[in-house]
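>>> what's the 3D shape of this:
(chains A and B)
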Amino acid sequence: MKGLVFGGCSFTWGQGLYFYSDLPRLKEPDQPYAYKGELVQESHILYKETIRYPRLVANHFNTFETFKLGNGGSEDETFEFLDVLFHKKDNPTYGSNLTAERMDYSEVEYIIVQLSQLWRNKYYFEYNGYRQPSMLWPNNHDIGHNQENLFNWLIENNLTFDEWVVLHKEVQYLRLKKEFEFYESKGIKCRVLAWEDDLLNHIFNDEFLKERFIPLDYNGNTFNTIGELHNTHKDMTIEGDYKYFGKKTPSDHHPSKKCHELIAENIINKINKELLK
Amino acid sequence: MNGIVFLGCSFTWGQGLYFYSGLDTLKLPDNEYMFNQNEVTHAHIMYKNKFRFARLVADEFKTFELCKNINGGCEDHSFKFLDKLFITNYCYDDFDYIVLQISHIFRNDFEFEYNGKIYNTNLDPRHERNEPDNSFYKWYDSNNITEDIWKDMFIKQQVEKIHKKIEFYERKGIKSKIITWQEDVIPYIKNDLFLNEKFVILEYNNKFYESISLLQKEYQNMTIKYDYDFFGDNPPLDHHPSKLCHEVIANSLIKSIKETEKI
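Modelled structure (predicted):
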């Protein structure tokens, strides 16, 4: 099999997996959602790469994997990473925060995207004569990037905040589909899994995306999102992994080692089923 | 187990392993001694990283490996790389093992004293004297050094350097394993009890090989350019260790580490 390219956020990057090592200088973040790069050493980064699900999947198929450099992110960043990876050969320093690598379509078999929190993606609108981005969260809609102009734009266009929520999801769904169609047209198979459920209705109502979606099967149950799995099985998060860490678990809500193994297993099963067809 | 640092030359880097990937972007070399970095893509690099012995050993012990990004080199370069790790991003406790693959020993610098002054050189008296006025030749001629004497002095000096470095890192809690590409260094390693304990003999088909070169001499499929088993009639023109050879090296190192760790 050719290479595997992974897209995603801190869940795919493997935040917190270094707590499973015996390495020195491990320090917990102040709170489970925080990430402080200065607390994470080079050796921690190399270790977590060996047990995160991209490596587990690649090892199974005897191939190599790649993921963007930095921790965190959104689909905006995932698709920018893919753009840099495949389309910036003539500009080797471009997007160096995302990757220093460049690839040909022919070197990659699969792109596997883990959707993060949808609201991390920017929403673009035209106001005061220019196209501008905003970033707002539905449960926190009075705070966000450029909310004042967005709200003015909503009023001008007779739209409510709830209608904007629908619009934003639609834009994200269409972008996901368009990007997947593009890379599939280049011979790369695309697959998607999700942390949260914001796009699930769109995905399940679209045959193209539905057949590319990877649900997570565990103990005879199917979970459509990593979040749903985490809510049901606390040991799938690092902070809930008492079995491994004992009573005092690291303060980190990211997927546990077991969760990475489970995600890998489900991706492997999906690909294996396709290979058998 | 914590991390493993691998030190070596193109044999450790995994030169040529990308030819096993079958990727469309591969370009066959014109000459087995040439390495054109521009023809090696990031995908080729990631592929060879996956199949080189460093990753195979690290995977077995469920840990990470660290190798130089730059292809080639010698022990002098390897130890510079190693020393630099600990003044930048790593601490000694990040690693449990150093695996040193000794390269072509005469790639290193030779230290000599002439007229009360210490010099370092990479000049080789077996080659044509392009810099006849160099102090090295003056030292060589005035002391009636022969090729054999020079070789003996060179290897002794190099083995002493290796001994000092390995001993330093052992004191920091990092254990070592040593393998060699070529044979000329072997008697000197065997004469050094401390280094000999760390020397790993390669094992394949229930036979033992003291160097990668001896293994390659006995089995043609241990070299990429003779790996007809994998490539058929036209293997790529590359004299580096084959995928199978990396597996043999990895298995021998794994066995030796397991013996040390009593696993």
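
>>> I believe B:I179 is in a strand; please confirm or correct that.
Yes - using DSSP: H, G, I helix; E, B strand; the rest coil, the assignment for B:I179 is a strand.

>>> what's the neighbour count on it?
By other Cβ atoms under 10 Å in any protein chain shown, 24 other residues sit near B:I179. C-betas here are computed from N, CA, C, even on glycine.

>>> pLDDT score assigned to it?
According to the prediction, B:I179 has pLDDT 98.

>>> got it, and A:E28?
89.

>>> Check the one 5 residues further on too.
The confidence metric pLDDT takes the value 80 at A:Y33.

>>> excluding its backbone neighbours, what's nearest it?
In this structure, A:Y33 finds its nearest non-sequential neighbour in A:H253, 6.1 Å apart by Cβ to Cβ, 6 or more residues apart in numbering or on different chains.

>>> contacting residues for the one you found?
The contact partners of A:H253, by Cβ atoms under 8 Å, 6 or more residues apart in numbering or on different chains, come to A:P32, A:Y33, A:H230, A:T237, A:I238, A:E239.

>>> can you give me the strands for chain A?
A:3-7, A:65-66, A:108-115, A:123-127, A:130-136, A:144-145, A:189-194, A:216-218, A:221-223 (DSSP state E).

>>> what lines up beside the longest strand seen in chain B in the sheet?
Among the segments of chain B that qualify as a strand by DSSP E, the longest is strand B:95-102. Applying DSSP bridges, strand B:95-102 is found paired with strand B:3-7 (parallel), strand B:175-180 (parallel).

>>> Please export the C-alpha coordinates of that strand as PDB.
The C-alpha coordinates for strand B:95-102 follow below in PDB (Å, rounded to 0.1, in the frame of the first residue of the first chain):
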ATOM      1  CA  PHE B  95      17.200   7.300  26.000                       C
ATOM      2  CA  ASP B  96      17.900   3.800  27.200                       C
ATOM      3  CA  TYR B  97      20.200   2.800  24.300                       C
ATOM      4  CA  ILE B  98      22.700   4.100  21.800                       C
ATOM      5  CA  VAL B  99      23.200   1.800  18.800                       C
ATOM      6  CA  LEU B 100      26.400   2.600  17.000                       C
ATOM      7  CA  GLN B 101      26.900   1.300  13.400                       C
ATOM      8  CA  ILE B 102      30.600   1.800  12.600                       C
END
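
>>> Following that strand in sequence, what is the next regular element?
strand B:110-114 (DSSP states H and E).

>>> The following helix or strand past that next one pairs with which strands?
Using DSSP H and E, the helix or strand that follows strand B:110-114 towards the C-terminus is strand B:117-121. Note on strand B:117-121: by DSSP bridges, its sheet partners are strand B:110-114 (antiparallel).

>>> Buried residues in the partner strand, which are they?
Within strand B:110-114, the residues that qualify as buried are B:F110, B:F112, B:Y114, counting by 16 or more other Cβ atoms under 10 Å in any protein chain shown.

>>> likewise stretch A:26-41?
For stretch A:26-41, by 16+ other Cβ under 10 Å, it's A:L26, A:E28, A:P29, A:P32, A:V40, A:Q41.

>>> State the pair within those that is farthest apart.
Within the buried residues of stretch A:26-41, A:P32 and A:Q41 form the most distant pair, 20.0 Å apart (Cβ to Cβ).

>>> Ranking helices and strands of chain A by mean pLDDT, which lands last?
strand A:144-145 (a mean of 90; mean pLDDT, DSSP states H and E).

>>> Just name whatever secondary elements that strand is in contact with.
In this structure, strand A:144-145 makes packing contacts with strand A:130-136, judged by 3 or more Cβ pairs under 8 Å, 6 or more residues apart in numbering or on different chains; DSSP states H and E.

>>> ranges for the helices of chain B?
For chain B, helices defined by DSSP state H occupy the ranges B:10-13, B:42-51, B:53-60, B:75-85, B:135-142, B:147-171, B:186-190, B:193-196, B:212-218, B:228-231, B:243-261.

>>> which one of those helices has the most crowded surroundings?
With neighbours taken as mean count of other Cβ atoms under 10 Å in any protein chain shown, those reach their highest mean count in helix B:10-13, at a mean of 24.
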